[in-house]
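> next input, structure requested:
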Amino acid sequence: MRLARVVAVLAVLVPAANVMAEDAATITRLQGRALAAGTPLAQGSRVADDATITTGPGSRVEVRFDDDTLVVLGENATLKVESFRYAPQSAQGEARLRVEQGAFLVTTGAVAKLPGRPLSVATPVASIGVRGTKFWGGSLDNPLDVLLLDGAITVKTPGGSADLNNPLEGTDVKSPGAAPSPVGTWKAPRVARAMNSVSFQ
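Next up is the predicted model:
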């Protein structure tokens, strides 16, 4: 009888544990080499909701999440999927991504449109609150440079925050803990540098 109870408890717990590691995204484009948990990725590979994706020199990878959020990583980048949940039937979800290094381009999907805008992208020096948008981040001349392409975002650091509300507005974080620089419009050469860092050849 005691064994039967243990088996019954395990039958309940095992499916719950599996939910924690459900797939969250698909690799839709790949140039060069990308890994998840040390395993090489290929176009069509599925990515779990706790995965860490890394790219090599000269590489690019496009990751499409199940809510249609699209993330492109440049070379030598690291993306940690800290949390991804999406339940369209109940209009609930959450996406918390962390880019440890490298350039990235984010185009938001359904989760960013849910109440509370539960999509965020963190880096080692700032967090980016997203309000349904497309934006680029990476290091051009500073530890973090951020460019808005569409929509609106807020870049927050321990030193302050900056709201980007118009296409081609950008801000820079010049050192860890520093406030974002005043928002300004990026000129074409700097925009081109940013986009080249995540462009496929």
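> and the pLDDT for the nearest residue in space to E22 that is not next to it in sequence?
Closest residue to E22 apart from its sequence neighbours, by C-beta to C-beta, 6 or more residues apart in numbering: D49 at 5.9 Å. Using the backbone N, CA and C atoms, a C-beta is placed for each residue, glycine as well. The model reports D49 with a pLDDT of 88.
> helix or strand with the lowest mean pLDDT in the chain?
helix 2-20 (a mean of 40; mean pLDDT, DSSP states H and E).
> next SSE downstream of that helix?
Counting by DSSP states H and E, the element after helix 2-20 in chain order, helix or strand, is strand 23-31.
> which element is the most centrally placed residue in the chain on?
Closest residue to the average C-alpha location of the chain: L97 at 4.2 Å, with C-alpha atoms, centre = their mean. Using DSSP H and E, L97 sits in strand 92-101.
> quick one: strands adjacent to the following helix or strand past that strand?
Under the assignment DSSP H and E, the closest C-terminal helix or strand after strand 92-101 is strand 104-107. Partners of strand 104-107 in the sheet, by DSSP bridges, are strand 70-73 (antiparallel), strand 134-138 (antiparallel).
> using CSV, list the CA coordinates for strand 104-107.
C-alpha atoms of strand 104-107 as CSV (Å, rounded to 0.1, in the frame of the first residue of the first chain):
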residue,chain,number,x,y,z
PHE,A,104,20.7,41.3,-30.3
LEU,A,105,17.6,42.3,-32.2
VAL,A,106,14.1,41.8,-30.7
THR,A,107,10.8,41.9,-32.4
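> which residues does it contact?
The set of residues external to strand 104-107 that reach it, using C-beta atoms under 8 Å, 6 or more residues apart in numbering, is 69-74, 77, 79, 97, 121, 130, 133-138, 195, 198.
> ok, now which ones touch G74?
G74 is in contact with T55, S59, R60, G102, A103, F104, G138, S197, V198, counting by C-beta under 8 Å, 6+ apart.
> for P57, that is, sorry about that
G32, E75, N76.
> nearest to N166 among those?
N166 lies nearest to E75 out of those, by C-beta to C-beta, at 29.1 Å.
> gap between the closest one and K113?
31 Å (C-beta to C-beta, to the nearest Å).
> for R29, same thing?
24 Å.
> correct me, but A178 touches T157?
Yes - using C-beta atoms under 8 Å, A178 makes contact with T157 at a distance of 6.5 Å.
> which stretches of the chain have low pLDDT?
1-21 (pLDDT under 70).
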